[in-house]
Each structure stands twice: as structure tokens, then as C-alpha cells.
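Asker: just need the structure, nothing else, for what follows:
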Amino acid sequence: MKLSPILIASTLFFHVSAFAQASPATSKPAEEPAKVVASGSVPDEASRAAILARLRELYGAHNVVDRLEVGGVVPPPNWSENMTKILTPNLKQVHKGQLQVSGTQVALKGNVANEALRQQVVSEIATSLNPTYSIDNGLIVAGGEAQVILDKTLSNRVVEFESGAATLTPVGRAILDEMAGAIKQIGAPKIQLIGHTDSQGNRQANVALSLARANTVRAYLIDKGIPGEALSASGSGPDQPVASNDTVEGRAKNRRIEFRLAGR
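Answerer: Predicted structure coming up:
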């Protein structure tokens with residue numbers, strides 16, 4: 001049975017890990033069945049039971065190895081509830097992965113099959129947690145070296161526009177200058193430019209604004225020498241947040257342009 005490896009860890013309030021060696025991609029059965037190992041320290045027996053129950057629900061009871069220790073740590077509020085929330089079925093799609101939680105800082109790493117899943121996994125976690133948590137998306141599309149270059153160039157920055165408009169700011173133009181160079185570096189493949197907004201205001205207006213901003217980015221990149229046929233634009237409005245819309249910082253992260261290799 002092929003399982004996705006997951007690691008959950010923290011150095012501040014708790015330390016929990018669950019990981020597995022994926023079976024080889026072959027028609028022959030693996031010599032040893034893949035296991036999910038849960039280890040580390042949890043604040044109390046109830047938390048331990050909740051985490052193990054969730055892992056067993058996801059991976060099957062016979063595939064979960066319990067190495068958890070109880071005590072010696074002080075959790076943040078609603079810790080157990082939040083940890084079971086982030087153990088979602090989509091995590092089974094993450095291979096060779098790590099989910100590290102340090103206090104309210106969540107970092108997710110590993111390989112996924114496509115870019116849409118990469119965004120979906122993080123969006124699902126972000127919307128399940130309260131605004132005090134922040135998430136670093138380190139997931140990589142398997143075999144997606146070109147996507148990695150785009151992501152590293154953007155480097156978690158947001159292409160800025162004037163408030164409520166599709167007009168780029170100087171900072172936004174500077175970021176797009178770098179992105180144009182990265183796109184040329186990877187040979188100008190077909191790229192989807194997807195606009196996103198926060199949840200404030202009318203949804204339909206936000207969808208229209210996100211599309212207008214994506215089209216502005218497309219026009220700017222074409223002006224910088226990227227072939228127009230390599231770029232498509234779409235708008236998702238507020239439907240795919242990567243952070244909570246309950247804080248100023250979270251809304252700023254959600255107002256973004258996503259650069260996704262077509263077909264991923």
C-alpha cells in the first residue's frame with residue numbers, strides 16, 4: 001500500500017511527527033508495507049488520542065505506528081482541535097512531505113501531482129485554522145522544476161496594484177520585471193495567470209477585479225517580450241485563499257497573482 005509521507009513537528013509548544021516511506025511505483029508489492037509513524041510530545045492523553053484517531057482514519061489503523069509521548073509541553077488554545085483540522089484527506093496526496101508547526105507557524109513541504117493540488121492543500125489548511133496561524137507553502141509539483149523557478153522568483157511576494165483597481169504599482173512592475181526574466185529562463189512555456197482577491201466586498205465584483213488584474217499582468221509581460229500565446233489570464237476572486245481573511249496581513253496575502261504552468 002502506497003502512503004503519502006507526512007511530518008508534523010514543533011519546537012515551541014509541541015512536537016508531533018508522522019511520516020512514511022512511499023512504496024516504489026511498481027506493479028509489484030513493496031517488500032515492507034508503508035507506515036505512518038506518529039512521534040514526539042503532546043500536551044495530554046486526549047490530544048494523543050485525537051491525533052492518532054485522525055491518522056488512523058486517514059491511513060488505516062494498521063498503517064499507523066504510535067510513538068507519541070504525553071506531557072512536558074504547553075499547547076496554544078484549541079491545539080488538539082486545530083491539529084486534527086489540518087490532518088485533511090488532501091495530505092494523502094503529499095509525497096515525501098513535511099508539515100511542521102512551530103507555535104502558530106505552519107510550514108508544509110513535499111511533492112504533489114499538480115499545481116492546482118498544491119494550492120488546494122494549503123488553502124484547505126488556511127481556511128480551517130484561526131487567523132493567528134500563518135502558513136508557508138513549500139509544496140513542489142513533482143517534476144516541476146520550471147514551476148519551482150517561478151515560485152522562487154516570486155518568493156512569496158504579492159504583485160501590487162492600486163487599491164480597488166487593476167493598475168500596477170511601481171513595486172508590482174518591479175516584481176513582474178523579475179518574473180519576465182524567469183519566464184524567459186525556463187523557455188517561455190504556457191503559463192496561467194490567475195488573479196485572486198480577499199473576501200471583502202461583493203464576490204462578483206472581486207471575480208471581475210481579479211480577472212482584470214490578471215489581464216493587466218498578461219499585457220505587461222507581453223510588453224516585456226513574453227509571447228502572448230504563452231500566457232492566459234483568469235480570475236478566481238476570493239474563492240482560493242491562502243491565509244485567513246480575518247486579518248489585514250491575511251487579506252494582503254490573498255490579493256495575489258498566481259503563476260501556474262499550464263497543465264499542472
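Asker: in the helix or strand encompassing residue 221, what's buried?
Answerer: Under DSSP states H and E, the secondary-structure element containing residue 221 is helix 203-223. For helix 203-223, the neighbour count (16 or more other Cβ atoms under 10 Å) marks 206-218, 220-221 as buried. No exception for glycine: its C-beta is placed from N, CA and C like everyone else's.
Asker: any idea how far residue 148 is from residue 208?
Answerer: Residue 208 sits 32 Å away from residue 148, going by Cβ to Cβ, to the nearest Å.
Asker: next: residue 75.
Answerer: From residue 75 over to residue 148 the distance is 34 Å, taken as Cβ to Cβ.
Asker: neighbour count for the two, which is higher?
Answerer: residue 75 (18 against 12; other Cβ atoms under 10 Å).
Asker: what about the closest residue to the more buried one other than its chain neighbours, how many neighbours?
Answerer: Of all residues not flanking residue 75 in the chain, residue 43 sits nearest, at 4.4 Å (Cβ to Cβ, 6 or more residues apart in numbering). A count of nearby residues for residue 43, using other Cβ under 10 Å, gives 18.
Asker: kindly report the same for residue 95.
Answerer: Residues lying near residue 95 (other Cβ under 10 Å) number 17.
Asker: same thing with the one 10 residues further on?
Answerer: The burial count assigned to residue 105 is 14, neighbours taken as other Cβ under 10 Å.
Asker: for the residue lying closest to it once chain neighbours are set aside, give me phi and psi.
Answerer: Leaving out its chain neighbours, the residue that sits closest to residue 105 by Cβ to Cβ, 6+ apart is residue 134, at 5.8 Å. Note on residue 134: its backbone torsions stand at phi -120, psi 150 [degrees, to the nearest 10].
Asker: measure residue 134 to residue 103 for me?
Answerer: Computed as Cβ to Cβ, the residue 134 to residue 103 distance reads 10 Å.
Asker: between these two, which has more neighbouring residues?
Answerer: A direct count of neighbours by other Cβ under 10 Å for residue 134 and residue 103 places residue 134 higher, at 18 against 15.
Asker: what pLDDT does the model give residue 250?
Answerer: As predicted, residue 250 sits at a pLDDT of 87.
Asker: I appreciate the help and will end here.
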